[in-house]
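Undergrad: Got a predicted model here, sequence first, then my questions.
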Amino acid sequence: MVTIVIVSYNTREILQNCLEALYRGSGSTDMEVFVVDNDSRDDSARMVRETFPQVRLIANSSNLGFAAANNQAFALAGGRYIILLNPDAYVGPTSIQNAVTFMDQNPRCGLCGGKIISPEGKLEPSARRFPSPLSKLLTLSGLSGRFPGSPILNRHEFGGFAHDRPLEVDWVPGTFTIIRKKMLEEIGEFDERFFIYYEETDLCLRAKKAGWKIYFIPDAEVMHIGGACSKTRKDKTFDTGASQVLSFRMRSEWLYYRKNYGIIALAGSSGAEIGWYALRYLKNLLIPSPEAPRKRAAAASTISQIVRSLKETKLGTLSPQTPW
């Protein structure tokens, strides 16, 4: 049996579409499905109860975050494999069976992710190397986006890789991920200090340190809307890609670097980001343009959020009180 885990937060209609696609595409796969609802205010939990009585619903009375919510289902999972599926992700007709087949054929693979496609049919980053201050600078500067096919400038997303064959990678996004339960029992579940973001990166790093392999596979395809849960937070500022809550991303990033690489790596990543936005502020101060005041304000706001998040996490040593 395969266990499917979907964590939901205020995405009722999208979640319904996700579950419908899941059951259409599951074929003859023996599976159990968990929906862990993080105190949605849009009747998501009621929709699941009434429309999908076969789903095992965990309705939380508060927002526990992505890592903790998944761990609730992990503790009850009966499958050999656990598939994480975002509520804004729709699996292809053979994706689940293809992922299971790959895991069966590769017993040292602890975790693998599928090919992520946008609603417009465009390939989204699906295979990644672990983050670094250098990859951050390449992303912030726009060089990675300008040269997506470059194996050097877009190294962290395997630039030039056609996504047409299985590839051993560092980590894969949690949009659609199949995890070997035996691996979780060996290395532990998600670190709940990560309220959202970086929990899957941290899990993959721990897996590789323990000798497990991480793969991208092309024939487990999923269409991903992107950021559906995060975008319900109207009180927060989002990153330039408009899919991640900026302050939450920063908090998790500092926790990740401090936990896994120490204070120097944390200083390198946060320093790179502060330095970049300081340069942007200076440029728009010295070179007048109609957009200069807005860009200066945006740069100053981002620097302020970086400093605030470093304080809130005590330089990456403390996770703020849940919910963030």
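TA: Yep, it's here. Not measured: the values here are computed from a predicted model. Residues are numbered from 1 along each chain as shown.
Undergrad: Tell me how far Pro148 lies from Tyr261.
TA: As judged by Cβ to Cβ, to the nearest Å, Pro148 and Tyr261 stand 27 Å apart. For the C-beta atoms, the positions are set from N, CA and C on the backbone; glycine is no exception.
Undergrad: Name the residue in these two with the higher neighbour count.
TA: Neighbour totals were compared for Pro148 and Tyr261, and Tyr261 leads with 16 against 13 (other Cβ atoms under 10 Å).
Undergrad: hey, where'd the helices end up in the protein?
TA: 12-25, 44-51, 66-74, 95-105, 133-140, 143-146, 181-187, 199-209, 246-260, 263-286, 292-312 (DSSP state H).
Undergrad: Now those in JSON lines, please, with extra columns for mean pLDDT.
TA: What follows is these, written out as JSON lines (pLDDT from 0 to 100):
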{"stretch": "helix 12-25", "mean pLDDT": "94"}
{"stretch": "helix 44-51", "mean pLDDT": "97"}
{"stretch": "helix 66-74", "mean pLDDT": "98"}
{"stretch": "helix 95-105", "mean pLDDT": "97"}
{"stretch": "helix 133-140", "mean pLDDT": "95"}
{"stretch": "helix 143-146", "mean pLDDT": "94"}
{"stretch": "helix 181-187", "mean pLDDT": "98"}
{"stretch": "helix 199-209", "mean pLDDT": "98"}
{"stretch": "helix 246-260", "mean pLDDT": "97"}
{"stretch": "helix 263-286", "mean pLDDT": "97"}
{"stretch": "helix 292-312", "mean pLDDT": "97"}
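Undergrad: Including mean neighbour count and distance to Glu168, could these go into TSV?
TA: Shown next, in TSV, are the helices of the chain (neighbours: other Cβ atoms under 10 Å; distance: least, Cβ to Cβ, whole Å):
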stretch	mean neighbour count	distance to Glu168
helix 12-25	18	26
helix 44-51	18	36
helix 66-74	23	24
helix 95-105	19	12
helix 133-140	18	18
helix 143-146	15	21
helix 181-187	16	15
helix 199-209	21	10
helix 246-260	23	20
helix 263-286	16	23
helix 292-312	16	33
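Undergrad: Quick one, which of those gets closest to Pro173.
TA: Closest approach to Pro173 among the helices of the chain is made by helix 199-209 (6.7 Å; Cβ to Cβ).
Undergrad: roughly how far out does the closest one sit from the chain middle?
TA: Averaging C-alpha positions (Cα atoms, centre = their mean, to the nearest Å) puts helix 199-209 12 Å from its chain's average.
Undergrad: then stretch 70-86 to PDB, C-alphas only?
TA: Only the C-alpha atoms of stretch 70-86 are listed here, as PDB (Å, rounded to 0.1, in the frame of the first residue of the first chain):
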ATOM      1  CA  ASN A  70       3.100  15.900   7.600                       C
ATOM      2  CA  ASN A  71       4.600  14.200  10.700                       C
ATOM      3  CA  GLN A  72       1.000  13.700  12.100                       C
ATOM      4  CA  ALA A  73       0.200  11.600   9.000                       C
ATOM      5  CA  PHE A  74       3.600   9.900   8.900                       C
ATOM      6  CA  ALA A  75       2.900   8.500  12.400                       C
ATOM      7  CA  LEU A  76      -0.300   6.800  11.100                       C
ATOM      8  CA  ALA A  77       0.900   5.800   7.600                       C
ATOM      9  CA  GLY A  78       0.500   2.100   6.700                       C
ATOM     10  CA  GLY A  79       2.200   2.200   3.300                       C
ATOM     11  CA  ARG A  80       5.700   1.100   2.400                       C
ATOM     12  CA  TYR A  81       6.000   4.400   0.600                       C
ATOM     13  CA  ILE A  82       4.600   7.800   1.500                       C
ATOM     14  CA  ILE A  83       3.800  10.300  -1.200                       C
ATOM     15  CA  LEU A  84       3.700  14.000  -0.300                       C
ATOM     16  CA  LEU A  85       1.400  15.900  -2.600                       C
ATOM     17  CA  ASN A  86       0.600  19.600  -2.500                       C
END
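Undergrad: Just the residues contacting that stretch, thanks.
TA: Outside stretch 70-86, the residues within contact range by Cβ atoms under 8 Å, 6 or more residues apart in numbering are 1-7, 18, 22, 31-32, 34, 36, 56, 58, 60, 64, 91, 96, 99-100, 103, 174-182, 184, 189-190, 192, 200, 222, 224, 228-229.
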